[in-house]
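1. next comes the sequence, and after it the predicted model I'd like to discuss.
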Amino acid sequence: MSATDMGALPDKLVRKASDLGADQSEAWLTESTQLSARVRFGQVETLTEATTRAISFRLLVGTRTARGSSSDLSWETLESLTRHALERDRLASEDSYAGLPDDSLPVPPVEGLALYDPTLERIGPQDAIARAGETERIGLALDPRVKNSSGATVRVNRGRVWGANSKGFRGSYRASGASLTLELHGRGESDGSQVTDFWYTAARSWDGLESPESVARKAVERVRRQLGARKVETQEVPVVFEPLVAAELLSDLFGAVCGEAVYLKRSFLLDARGQQVASEQVTVVDDGLLPGGLGSRPFDREGVACRRTVVIRKGVLESFLCGSYSARKLGLPLTGNGAGNGEVPGNFYLEPGNTSPAAIVKSVERGLYVTRLMGQGVNLVTGDYSRGAFGLWLERGELAYPVHEITISGNLRQMLAGVELVGNDLDFRDLFAAPTVKIASMVVAGT
Amino acid sequence: MAERPRQLFARLFGLDTALLQGVLTEALRGGGDFADVYLEARRATSLQIEENLLKESRESVSLGAGIRVLAGEQSGYAYTNDLTAEALRAAARVAAQIASGPARVNSEKLQSLTAPARYPLEQPAALADLRTKSELLFAANQAARAADARVQEVQVGWGDELRLVLIANSEGEYVDDIQPLFTFSVSVVAERNQQRQVGWKNLGMRAGMEAFTRARALGLAREAVEQAARLLEAQPAPAGELPVVLAAGASGVLLHESVGHPLEADFNRKQLSVFSGRLGEKVASALCTVIDDATLVGLRGSLNIDGEGTIPQRPTLLIQEGRLVAYLQDRLSARLMKLAPTGNGRRQDYSCIPIPRMTNTYLAAGTSQPEEILQSVSRGIYCKSFTGGQVEPAAGKFTFSMHEAYLIDEGRLTHPVKGATLIGSGIEVLNNITMVGHDLELDRGAWSCGKEGQGAPVGVGTPTVKIAKITVGGR
């Protein structure tokens, strides 16, 4: 199938659905070309290449919804899936909140978003292998205690999205991504215990990646500082989250401010719009239009223009993020986070403050600096929070020694209210991003 | 239903043995030790009830092929949604890039293997009437709402799939399998004095629609409500090192994390596990015997063939009375470690390379009475259900997160405690297992395991177990 034929498929499906009796419909086609290479001890461990395609659609008769998806793009299969959906649709309940979005904001131009890097079309297996190999080689030469490796991995993907709906929306854009990850293992000299840690870089473009040298040094430093870790006594102390783990808190928060969680009563913040839910240090933004952002795109999965939404401003919960269903249900504006079903983030981040990370560390008399979190343990209905942690113990404003096999616990609401300092080191590495954060008090469980 | 995967792929795409043989030859054009072709056709449906409405149904079709070439420790892989002969040969050439020697003559003729029948399947759920499914879901929804006036919201979900798999390899093996799977879940939110709590139950089996009875659906709905209601009374869990008693069944997630993952052969072959190089050594309390068993009938982790066509022949004894006796192997690790494959090479789907994974993993029954185990604890935690776990095999650190748990005081259960995470070191915790009950239970929950970005349905199980001491992340 040529690219033109492919691109026409969502439109063709939407027309077919109308012909067969659907009142509303939308279809989304994605194409993705992937390359991944993992190098371990200088040898290629796995090399994977593929191009895949998939289509998904939703249709409504009256206010009843049915969906379908397929990676078999033969017209025969798609037509039969459409017919099946119309048959199943009779079983669905009438739901006046269902349907395509009403929003008609113009979609922003794709060019300014820097979503696609044509350079990546020329990145072949040998380039990926060379980049991964160089990163691992540098990493393994830096410290005699860091001798084992899970390998360095380079991933590259290039894709395209085409969408169409029965209200006349037609849209398409290209997007790409690249990442480089190194996971290393060290062994403490005194106690022989193993430490695992990693570092990675991810960007829309090849040139946006951090250098092999920088990824390798960071990965080694993260393993090295954790060698010889011990447990600490159970106690209540201030906890500092470094950006990588602070970003995980943002991911938890996203789960509580998306519209679906709110109308299903699955959020500890469901009654809190307009209220002070966090300290004044906290301003949280969802920005779907950040140039080059990993979560940026011109429009969401319902064809609604993406935008910038302030979710929490100086501690006050201003907005929930809504796709069309949640927006109608909650009587709130669309935010360009629609996924067709529930919500997805754009770039969801905590605005930086003006304290340096060093000054944040210095401010702690005794406490924990968290470097990695493990496990589940976040209940978004209650906000109860309890996760496994690795980190560094803080004594008199200094990083004193590494700790492991501990948990940190609290309640997200109290944690948000307890944000004392926000760093100036905002670090975008994922859809969720944050600077260093200090929370006044949490329980650290150890011995 | 009568059509086998081999017939389907031959009928739709002309992919007969001669053609697959040609693809394998293409895959070995640069040499290599081994090549395989994995063909997959999957059809799935799902239904979701929330707010008393059947808001949507979905049908998905997926079609794909993955071609792999192994050369020493190296794997080349390519996959495609296009199952034409031309596309498969192109993918074979991409996978072949990993090897750079003279072509290997692939003289093995494909010989058909017969897979066993471990999925009881009178009526595949994927082919069952949607109306029947929807009525059961509404009945569960009603049962949950009727069970307790404090119930505010109920979500009931259903998913089923039928996966047709065909695998051919350069050793001449040619085998197919029809893999059914269904998942039912109920999740409720209960509220009292502006406090909300969530309760959930789910069921996952590789079995036909007949295994999903009305009684089972309603029973799970009521259990989810009871759980939420009990949690409304919960107080924060204590923090620090405490004795923990794990209830029989779902607590098997402990074994999955602390033993299962670290015994996967890829980690051990690369010296990336606390169990590396320790075959034959005592690694756990003598009360511990741990088994991975794909041959059990109808469970979520049960398999006729694994993701590389190996037929799991018997339960794999991993730890016998505290001694490490085997790793979970796929073909690559087994060959490199010079050990036998155990049928644990699994893949999420055609887009993924097979890696060593668990199937149904459990701790064998001991001899203690469950009541006696409880009575032996003066102050500790009794865990009944879990949201999941995670492990780092190299350091052996693992967590598992309790959802429903109780405080034990002087050998008796007292009030419920809020969810909290437990953290420990695998080998240390295994040696701290001081009592094992006789009440082994294989959980029927819809557990999914993640590794290297691949999800896989698994089963877990355990009898009642006492861990003398582990860190509890309360406050």
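-> That came in fine, so what should we check first?
2. only C-alpha atoms from now on, for both contacts and neighbour counts.
-> Noted.
3. so where do the strands sit in the stretch 251-400 of chain B?
-> Using DSSP state E, counting those that start in this stretch, the strands of the stretch 251-400 of chain B run over B:290-292, B:316-320, B:323-324, B:345-346, B:355-356, B:360-363, B:379-392, B:397-409.
4. neighbouring strands - and their directions - for the helix or strand where A:E26 lies?
-> Assigned by DSSP states H and E, A:E26 belongs to strand A:24-40. Strand A:24-40 pairs in its sheet with strand A:43-61 (antiparallel), strand A:146-165 (antiparallel), by DSSP bridges.
5. and those as TSV, adding mean pLDDT and mean neighbour count?
-> Converted to TSV, those look like this (pLDDT from 0 to 100; neighbours: other CA atoms under 10 Å in any protein chain shown):
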stretch	mean pLDDT	mean neighbour count
strand A:43-61	96	22
strand A:146-165	96	23
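6. and the ones you listed: which comes nearest B:L47?
-> Evaluated with CA to CA, the strands paired with strand A:24-40 place strand A:43-61 nearest to B:L47, the distance being 13.8 Å.
7. for chain A, which spans come out with low pLDDT?
-> Residues of chain A meeting the criterion pLDDT under 70: A:1-4, A:103-105.
8. and the top helix by length along it with chain B, contact?
-> Using DSSP state H, we find that the single longest helix of chain A is helix A:3-20. No - using CA under 8 Å from any CA of the partner chain, helix A:3-20 stays clear of chain B, coming no nearer than 13.8 Å.
9. chain center to that helix: distance?
-> Distance of helix A:3-20 from its chain centroid, counting by CA atoms, centre = their mean, to the nearest Å, is 31 Å.
10. try stretch B:318-333
-> Offset of stretch B:318-333 from its chain centre (CA atoms, centre = their mean): 17 Å.
11. next one: stretch B:141-154
-> 30 Å.
12. same check on stretch A:228-243?
-> Offset of stretch A:228-243 from its chain centre (CA atoms, centre = their mean): 26 Å.
13. then stretch A:187-201?
-> 26 Å.
14. now that stretch: buried residues?
-> Buried residues in stretch A:187-201, counted by 16 or more other CA atoms under 10 Å in any protein chain shown: A:187-188, A:193-201.
15. which of the strands of the stretch 251-400 of chain B sits closest to A:L47?
-> Per CA to CA, nearest to A:L47 of the strands of the stretch 251-400 of chain B: strand B:355-356, 14.3 Å.
16. the closest one - what's its average pLDDT?
-> Across strand B:355-356, pLDDT averages out at 98.
17. can that strand be said to contact chain A?
-> No - interface with chain A: strand B:355-356 contributes nothing (CA under 8 Å from any CA), its closest point being 11.6 Å away.
18. report the distance from that strand to the chain centre.
-> Distance of strand B:355-356 from the chain centroid (CA atoms, centre = their mean) equals 12 Å.
19. stretch A:94-103 now?
-> Taking CA atoms, centre = their mean, one finds the center of stretch A:94-103 at 27 Å from the center of the full chain.
20. same check on stretch A:17-37?
-> Put simply, stretch A:17-37 sits 23 Å off its chain's centre (CA atoms, centre = their mean).
21. how about stretch A:293-306?
-> The answer for stretch A:293-306 is 14 Å, by CA atoms, centre = their mean.
22. could you do stretch A:356-373 as well?
-> Stretch A:356-373 sits 24 Å away from the centroid of its parent chain (CA atoms, centre = their mean).
23. endpoint to endpoint, that stretch covers what distance?
-> The first and final residues of stretch A:356-373 sit 22 Å from each other (CA to CA, to the nearest Å).
24. buried ones in that stretch?
-> Going by neighbour count (16+ other CA under 10 Å), the buried part of stretch A:356-373 is A:356-357, A:360-361, A:363-364, A:366-373.
25. looking at those, which are in helices?
-> A:357, A:360-361.
26. the nearest residue to B:E321 once chain neighbours are set aside: neighbour count?
-> Once flanking residues are discounted, B:E321 sits nearest to B:A286: 4.4 Å by CA to CA, 6 or more residues apart in numbering or on different chains. With neighbours defined by other CA atoms under 10 Å in any protein chain shown, the count for B:A286 comes to 16.
27. separation between B:A286 and chain A?
-> Going from B:A286 to chain A by CA to the nearest CA, to the nearest Å gives 24 Å.
28. do B:L328 as well
-> For B:L328, the distance to chain A equals 18 Å [CA to the nearest CA].
29. same deal with B:T84?
-> From B:T84 to chain A the distance is 12 Å (CA to the nearest CA).
30. what sits against the nearest residue to that residue once chain neighbours are set aside?
-> Spatial nearest neighbour of B:T84, chain neighbours left out: B:F13 (6.0 Å); criterion: CA to CA, 6+ apart. By CA atoms under 8 Å, 6 or more residues apart in numbering or on different chains, the residues touching B:F13 are B:83-85.
31. need these in JSON lines (columns: neighbour count).
-> Shown next, in JSON lines, are these (neighbours: other CA atoms under 10 Å in any protein chain shown):
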{"residue": "B:L83", "neighbour count": "22"}
{"residue": "B:T84", "neighbour count": "14"}
{"residue": "B:A85", "neighbour count": "16"}
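32. ok, those vs B:N360, which is closest?
-> Ranked by distance to B:N360 (CA to CA), the contacts of B:F13 are led by B:L83 at 32.1 Å.
33. follow-up on the earlier one: mind putting the buried residues of stretch A:356-373 into TSV with distance to B:F138?
-> Conversion of these to TSV gives the following (distance: CA to CA, whole Å):
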residue	distance to B:F138
A:S356	55
A:P357	53
A:I360	53
A:V361	54
A:S363	56
A:V364	54
A:R366	54
A:G367	51
A:L368	48
A:Y369	48
A:V370	45
A:T371	45
A:R372	42
A:L373	39
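34. tell me the residues of the stretch 151-300 of chain B that contact chain A?
-> The stretch 151-300 of chain B comes close to chain A at residues B:153, B:189, B:195-198, B:239-241, B:271-272, as judged by CA under 8 Å from any CA.
35. who does residue 61 form a beta bridge with?
-> In the absence of a named chain, this looks at chain A. Beta-bridge partners for A:V61, by DSSP bridges, are A:R64.
36. oops, I was thinking of chain B
-> Here B:V61, judged by DSSP bridges, has bridge partners A:S70, B:R43.
37. quick one: contacts for it?
-> The contact partners of B:V61, taken as CA under 8 Å, 6+ apart, are A:69-72, B:41-44.
38. make it 10 Å
-> The contact partners of B:V61, by CA atoms under 10 Å, 6 or more residues apart in numbering or on different chains, come to A:54-55, A:68-73, A:77-78, A:81, B:41-45, B:161-163.
39. if we can go back for a sec, and the buried residues of stretch A:187-201 near chain B, which?
-> Filtering the buried residues of stretch A:187-201 for neighbours of chain B using CA under 10 Å from any CA of the partner chain leaves A:187, A:193-197.
40. tell me which two in those are the farthest apart.
-> A:S193 and A:D197 (13.4 Å).
41. in strands, which of the buried residues of stretch A:187-201 appear?
-> Cross-referencing these against strands under DSSP state E gives A:187, A:194-201.
42. ok, so of the residues you listed, who is nearest chain B?
-> Of all those, A:Q194 has the smallest distance to chain B: 4.8 Å, by CA to the nearest CA.
43. ok, how many other residues are close to B:T367?
-> Neighbour count for B:T367, taken as other CA under 10 Å: 12.
44. now do it against B:N360, distance only.
-> Counting by CA to CA - B:T367 and B:N360 are separated by 22 Å.
45. how about A:S96?
-> In terms of CA to CA, A:S96 sits 44 Å off from B:N360.
46. please apply the same query to B:A27.
-> From B:A27 to B:N360 the distance is 33 Å (CA to CA).
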